[in-house]
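> I would like the atomic coordinates for the input below:
(one chain, ligands or ions: 1)
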Amino acid sequence: MAKEICVIGTGYVGLIAAVGLSDFGNYVTGVDIDPKKIDSLNKGILPIYEPGVEPYLKRNLQSGRLKFTVDIDKALSESQVIFLAVGTPPKKDGSADLAQVESVINSIVKNLNGYKVIVTKSTVPVGTNRWIYEKLKEKAPTGTFDVVSNPEFLREGKAIQDFFHPDRLVVGHETGKAREVMEDVYRSLFINQTPMLFCNWETAELIKYASNAFLAVKISFINEMANLADAVGGDVKQIAKAMGMDGRISSKFLHPGPGYGGSCFPKDTQAIVATGKKYQIDMSVIRQAIDANEKQKHLIVKKLQEQFGTLEGKKITLLGLAFKAETDDIRESSAIAVVEDLLESGAQISCTDPQAIDNFQAMFPQCSYNRDSFEALTDADICIILTDWNEYRNIDLQEMGRVMNEKVIFDVRNILKPSSARAMGFTYLGHGVQS
Ligand code: UDX
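Numbering: from 1, shown residues only. Coordinates of the predicted model:
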């Protein structure tokens, strides 16, 4: 049966959950404290760049199954299922700040007018769902409710695909009643045989961290292999391809790059190491992956200096600022470390990106920016490809060579064909590739 749901927080995770859950036939109210955002969402305008979401937003607004509001009390009192998707930013000591979660708990206590299921979607430290349950029990001892941990695995840029076709759903719960409610909420996926894994709260919380940390380790591993391939004359693309043919390894997440970034991997790897520390478990594999990733970002400018000597006064163009393609998100993007290193080297920096210029410019106003790649590349001595946008995969090398001062490309993502670039007179540096 369709449920009355409210999703608290319309950031990345909350917005996609609200849109997706309403598309499943549920009645959903998205809640946020930002009235401008709510206004824009009610008009069908997305506050972020995420391909494919807008038609779903508009369609469900029109059907009347989706609405957005700042009135949290009304939304809570009218809902049977409450999704928590508020921010849990890291505090100075690395631990998660649960102030926003606590504030929502206080609002729930005031509106506990019947049995409700409180579902945690935000990535929260291990122990948080138990903590939410105990807080609610303490503040509303006669209230009837269940707490569920339902971590989100969606990727930026592919959110719609991931929401409607997840590899699995993870549901951490303590009662059979809560399990039944979650089966109803996700009925469209449940009847389509999407694997639903039911477990306890702590297991669900750890699954999310374990998955992200494992992928981060995989990326750090292949980056290290690319560095070694460079040194010995091997080709990491072929190495990754052969490794990926082994079903135990899989070919996914074996693409070398400038180091992982984004809002999840850096934060989640730090958090799981901190949890290990709290329980005196040394998470040394993940610690090393974090360390390797940090070093990887700084190898980019170092490699250029080793190859070309001083970069002082050279014009260097960055193709790509977002932490990956199909997003305008620059959080923990390796482009930040590259620009910091380049500023220190005395280079002149020119930047371009299809979506992320505004976000990056606010952080580094001293660089020059151009939405047009060739204008950004005009008179450049070196081009660094940092983000794997499709438009860079097919960039017109002839035009690029014509506008650049020196024909040098450092393709950190290995998205061009080295032999083609070299045949056109470019000095081509890849990341562990030969031809
Ligand atoms: C990630 C997880 O994939 C997702 O399940 C979780 O919910 C949130 O965190 P996201 O941050 O959107 O999603 O990006 P993802 O596509 O996983 O990439 C993360 C980083 O790894 C990016 O910087 C990307 O460029 C890098 N990456 C990824 C590589 O360098 N090589 C690869 O092979 C894959």
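
> mind listing the strands for the protein?
Counting by DSSP state E, one finds strands in the chain at the ranges 4-8, 27-31, 66-69, 81-84, 116-120, 145-149, 169-172, 196-199, 315-319, 348-352, 368-369, 382-385, 408-411, 427-429.

> residues from the protein in reach of the ligand?
For the chain, the residues in contact with the ligand (CB under 6 Å from any ligand atom) are 152-156, 212, 215, 219, 253-255, 257, 260-262, 264-265, 323-324. Quick note: C-beta positions are derived from backbone N, CA and C, even for glycine.

> pull out the buried members of those residues.
By neighbour count, with 16 or more other CB atoms under 10 Å, these hold 152-154, 156, 212, 215, 219, 253-255, 257, 260-262, 264-265, 323-324 as buried.

> now T144. Nearest residue, chain neighbours left out?
Y115 (4.4 Å; CB to CB, 6 or more residues apart in numbering).

> actually D268, not the one I typed
For D268, the spatially nearest residue (CB to CB, 6+ apart) is N212, at 4.3 Å.

> so that neighbour sits right up against F265, yeah?
Yes. Assessed by CB atoms under 8 Å, N212 is found in contact with F265 at 5.7 Å.

> between the two, what contacts are shared?
Common neighbours of N212 and F265, counting by CB atoms under 8 Å, 6 or more residues apart in numbering, are absent.

> quick check: D388 vs I415, distance?
According to CB to CB, to the nearest Å, D388 and I415 sit 6 Å apart.

> I249: what's it in contact with?
I249 touches M243, counting by CB under 8 Å, 6+ apart.

> separation between it and the ligand?
As judged by CB to the nearest ligand atom, to the nearest Å, I249 and the ligand stand 12 Å apart.

> got a pLDDT number for that residue?
Note on I249: pLDDT of 97.

> low-confidence ranges in this structure?
93-94 (pLDDT under 70).

> okay, now Q366: neighbour count?
The local packing of Q366 (other CB atoms under 10 Å) involves 9 other residues.

> that one reaches E340, doesn't it?
No. The pair Q366 / E340 is not scored as a contact, 11.2 Å apart, by CB under 8 Å.

> the helices in the stretch 51-200 of the chain, which residues?
53-63, 72-77, 99-110, 128-139, 159-164, 176-185, 187-190 (DSSP state H, counting those that start in this stretch).

> distance between the second one and the chain's centre?
In this case it means helix 72-77. 29 Å (CA atoms, centre = their mean, to the nearest Å).

> which other residues reach it?
6, 8, 29, 31, 69, 82, 104, 107-108, 110-111, 113.

> for the ligand, state which of the residues you listed is nearest.
The ligand lies nearest to I8 out of those, by CB to the nearest ligand atom, at 18.6 Å.

> V104 is in contact with that closest one, correct?
Yes. Between I8 and V104 a contact is recorded at 5.2 Å, counting by CB under 8 Å.

> quick one on the thing from earlier: out of the buried ones among the residues of the chain next to the ligand, which are inside helices?
212, 215, 219, 265 (DSSP state H).

> need the contact list for K252.
By CB under 8 Å, 6+ apart, the contact set of K252 is G244.

> so how far is P266 from it?
K252 is 20 Å from P266, by CB to CB.

> and what of E406?
For E406, the distance to P266 equals 34 Å [CB to CB].

> now do S419
35 Å.

> neighbour count winner among those two?
P266 (21 against 11).

> isn't that one right next to G259, touching?
No. P266 lies out of contact with G259 (CB under 8 Å); the separation is 9.4 Å.

> intersection of neighbour lists for those two?
N293.

> spit out the contact partners of V7.
Per CB under 8 Å, 6+ apart, neighbours of V7: 14, 17-18, 21, 28-31, 83, 85, 121.

> need these in CSV (columns: neighbour count and distance to R59).
Shown next, in CSV, are these (neighbours: other CB atoms under 10 Å; distance: CB to CB, whole Å):
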residue, neighbour count, distance to R59
G14, 23, 18
A17, 25, 16
A18, 30, 13
L21, 26, 13
V28, 28, 13
T29, 23, 17
G30, 29, 15
V31, 29, 21
F83, 29, 20
A85, 26, 21
K121, 21, 22
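
> export those residues as a markdown table, with columns for distance to G432.
Output for those, formatted as a markdown table (distance: CB to CB, whole Å):
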| residue | distance to G432 |
| --- | --- |
| G14 | 39 |
| A17 | 38 |
| A18 | 42 |
| L21 | 42 |
| V28 | 46 |
| T29 | 49 |
| G30 | 44 |
| V31 | 47 |
| F83 | 42 |
| A85 | 38 |
| K121 | 37 |
